[in-house]
Structure formats: C-alpha cells, structure tokens
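In: Only the shape, not the letters, is given here:
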C-alpha cells in the first residue's frame, strides 16, 4: 500500500494540519550563499501561525556552528525554535552511550573531520588516535575536498575492515559542493567502506536517529 502524493503550492497549503515543522537546511533554506527570501518569509509566517520550527541538517558539525552559519546567511536564531544536526545528535549519543548505534563502540576513536574540526568529540570520554590500527571505531564527521575521493582511503580502510572496526557516519550525504563542483561527501566514503566489507551505521537523514532526536 502506498501513500497518495499531492503537489502543493507551498507549506501554507498544509500547515494547518500540523503543529511542528521540520525544515531541511541546505537546498531548502539556502544553498550556501544567502537564505532564500521566500524561505525567510515562509519561516516568519509559520512562526506567526504558532508553528514550532526545527531546522535539520546532515552537517557533521555541532548545532551551534550551523546556527552561526545560518545567521551569517540571513536567518537569525530567533527566527526558528531550534536547529538539530547529525553532528549534534552524534555528540549527545556518544555522551550518553545509552542506545544504538552508540553502544559498545569502544574508547579509541579515529576521527575523520573537515578542517580538523574536533567539536563533535569535545568533552567526550574518548581517546582520539591518529593511527587507525589503534582505534576501536571510526567516526566519520566530514571530509576535506583534497581527500574526498573514496579511493584515497582504500589502503587505510581495508586494514580497518580486516580488524572489524565499525564506522559511525555523522553525515550520510553522498555529494557536496567543492571548489571544482560536486565531489563525494562523507556518505559516499561510508558506502565505500561498506562495499569493502565494513560495518557502517548512520546518524543523519534519512536514518532514524536524527528523527528520534527531533521528536
């Protein structure tokens, strides 16, 4: 049985049926340069109608970092009720380690992050290791453009597969915009790890943990 799909002119067509609205960030509110004027107007109208708005993002960075970026692009934190990133959900999950997929990962973490950003593990009881051979698990939060191609990681990840290291991917996106156009995103590297035989779990959209956290 499949649900009926209908085309709508905008959220105003259906907003009356809901109390809460989840809005994706990239491509919905902006595409990297400025918040779309229509999106800013939509958010304002939703708030005026008494709706609660949560911005969602597959960013492997913490929510505060994304809120600051949204503000720089033209949408202040006061315009919506909260922002939830896959990086934020990952941080809280690793902090509590009370439910899957955050249970039993171990203490030693091999972190792959964009620009060396370690905010996703700040304040956590983890030992960061630079030698993947000493890691208990891999935390994939982001990728620098220069190492985005999965083949770059083949030798490193083949060894990790042989050791049975699980990978926790905090950004399931398959593609991202680089300086030269679309390039592989962390989700593509996670998928590559899975093809090598590695065990991967995901935190961001469309996977369950970020929606459970949103609720």
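Out: Great, that's in hand. Predicted, not measured: the structure shown is a model, and the values here were computed from it.
In: For stretch 64-78, the averaged confidence score.
Out: When pLDDT is averaged over stretch 64-78, the result is 94.
In: Any idea how many residues pack against residue 22?
Out: Residue 22 is flanked by 16 other residues according to other C-beta atoms under 10 Å. Bear in mind the C-beta positions are built from the backbone N, C-alpha and C, glycine included.
In: Touching, it and residue 57? I think so.
Out: No: proximity of residue 22 to residue 57 does not meet the contact threshold set by C-beta atoms under 8 Å, at 10.8 Å.
In: Next, count neighbours for residue 150.
Out: Neighbour tally, residue 150, other C-beta under 10 Å: 18.
In: so it touches residue 188, yeah?
Out: Yes: with contact defined as C-beta under 8 Å, residue 150 counts as touching residue 188 (6.0 Å).
In: and the next element down the chain from the helix or strand of the chain with the lowest mean pLDDT?
Out: Of all helical and strand segments in the chain, the minimum by mean pLDDT, DSSP states H and E falls on strand 175-178, at a mean of 86. The first helix or strand that comes after strand 175-178 along the chain, using DSSP states H and E, is strand 181-184.
In: Packing partners of the least confident helix or strand of the chain?
Out: Using 3 or more C-beta pairs under 8 Å, 6 or more residues apart in numbering; DSSP states H and E as the contact test, the elements touching strand 175-178 are strand 181-184.
In: please redo it, this time with the cut-off set to 10 Å
Out: strand 181-184, helix 186-195 (3 or more C-beta pairs under 10 Å, 6 or more residues apart in numbering; DSSP states H and E).
In: which stretch in these is the model least sure about?
Out: Among the helices and strands packed on strand 175-178, strand 181-184 scores lowest, with a mean of 90.
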